[in-house]
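Enquirer: Sequence first, predicted model second:
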Amino acid sequence: MTNESCSAASDNAFLMLAQYTLIALGLLLICLKSKGILHQLDLWLEFFLTSVPAISVELELSNDEKDAPKGSQTLVDKKQPHILNCYNPSSGCCLALSIPVPNMSEKDVDQVCQAAHTAQKTWSETTFAQRRLVLRVIQKWLVNHSKEICQLCAIDSGKTHLDALLGEVLTTCEKTRTLLSEGELWLQKSYRSTGPLMMHKDAFVQYVPVGVLGVIAQITFLIHHHYYHYSVSQFTKSYFIWPFCWKCCCHQSK
């Protein structure tokens, strides 16, 4: 066998090895993508390389209480129809008198809905990375203020601090972790079979923003039920309005 034939055989073997290697790498990438492993690797890089800013909003529980006569715990006082009265269920005392909760009129609600509709148009242009960053900022704030949140839940529903920590803070953080990890995958196009007669067409389910959501939900779990609807609507490029205000139990100093 001449040197030229040996060289040609060696080149052919190298090309075949390169082709098989590329095919194997392609199949491996397809497998990793189908299992969501590449997505998880991208998330790890994003989490390690992106710093999470802290929001400087302190949660201060209100100590303003006023004894209310027995049987007189009315939601709206006729003397002040524009204010909602809120009470501590454990003591029966009126809460946050120095920070009145407004009894919103139909016009006020329309203004809030219009503001949310305007803001949603801008929010619908955000990327998954931007929405994940917002959720991470809120999660960081929740963890840093877990003690105050547990105290707030205890005042609101009478549950113990341990119940609030496990049922409110822990579940809320897990909800955030799930959305950060799986939310983008869940919102991707989900393809469906078209059958042999329509093989030239594509069929898929695509999730799109719905705009502004009006949420009516129980507040047995004060933080978790509120944050659940917020996080889902936020991650799907929507806005939500919930008829509830924390000012009944606390106030925020900006």
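Expert: On my side now, so go ahead.
Enquirer: any idea which residue sits dead centre in the protein?
Expert: In the chain, the residue lying closest to the centroid (C-alpha atoms, centre = their mean) is residue 231, at 2.1 Å.
Enquirer: got the contact list for the strand or helix carrying it?
Expert: Residue 231 is part of helix 222-235, with elements assigned from DSSP states H and E. Helix 222-235 has contacts (C-beta atoms under 8 Å, 6 or more residues apart in numbering) with 123, 131, 134-135, 138, 142, 149, 152-153, 156-157, 167-169, 171-172, 175-176, 179, 183, 187, 213, 215, 217-219, 239-240, 242, 244. Every C-beta, even on glycine, is put in place using the N, C-alpha and C of the backbone.
Enquirer: please redo it, this time with the cut-off set to 7 Å
Expert: 131, 134-135, 149, 152-153, 156-157, 167-168, 171-172, 175-176, 179, 183, 213, 215, 217-219, 239-240, 242, 244 (C-beta atoms under 7 Å, 6 or more residues apart in numbering).
Enquirer: The strand or helix carrying residue 82 pairs with which strands, parallel or anti?
Expert: Here residue 82, judged by DSSP H and E, is contained in strand 80-84. Sheet pairing here is set by DSSP bridges, and for strand 80-84 it gives strand 76-77 (antiparallel), strand 101-102 (antiparallel).
Enquirer: Convert the C-alpha atoms of the helix holding residue 231 to PDB, please.
Expert: Below are the C-alpha coordinates for helix 222-235, written out as PDB (Å, rounded to 0.1, in the frame of the first residue of the first chain):
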ATOM      1  CA  LEU A 222     -52.800  36.200  53.700                       C
ATOM      2  CA  ILE A 223     -49.400  36.200  51.900                       C
ATOM      3  CA  HIS A 224     -49.500  33.100  49.900                       C
ATOM      4  CA  HIS A 225     -53.000  33.600  48.300                       C
ATOM      5  CA  HIS A 226     -52.100  37.200  47.400                       C
ATOM      6  CA  TYR A 227     -48.600  36.300  46.000                       C
ATOM      7  CA  TYR A 228     -49.900  33.300  44.100                       C
ATOM      8  CA  HIS A 229     -52.100  35.300  41.800                       C
ATOM      9  CA  TYR A 230     -49.600  38.100  41.500                       C
ATOM     10  CA  SER A 231     -46.700  35.800  40.500                       C
ATOM     11  CA  VAL A 232     -48.700  33.900  37.900                       C
ATOM     12  CA  SER A 233     -50.100  37.000  36.300                       C
ATOM     13  CA  GLN A 234     -46.700  38.700  36.400                       C
ATOM     14  CA  PHE A 235     -44.900  35.900  34.800                       C
END
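Enquirer: what pLDDT, on average, does that helix get?
Expert: For helix 222-235, mean pLDDT rounds to 84.
Enquirer: If you count neighbours, what's buried in it?
Expert: Buried residues in helix 222-235, defined by neighbour count with 16 or more other C-beta atoms under 10 Å: 222-235.
Enquirer: Can you name the next helix or strand after that helix?
Expert: strand 239-241.
Enquirer: residues in contact with the strand holding residue 82?
Expert: By C-beta under 7 Å, 6+ apart, the surrounding residues in contact with strand 80-84 are 75-77, 100-103.
Enquirer: Most neighbours among the residues you listed, which one is it?
Expert: residue 101 (18 neighbours; other C-beta atoms under 10 Å).
Enquirer: Distance of that one relative to residue 241?
Expert: Distance of residue 101 to residue 241, given as C-beta to C-beta, to the nearest Å: 16 Å.
Enquirer: now swap in residue 156 and tell me
Expert: 20 Å.
Enquirer: Have a look at those two and say which one is more surrounded.
Expert: Neighbour tally, residue 156 and residue 241, criterion other C-beta under 10 Å: the higher count belongs to residue 156, 23 against 17.
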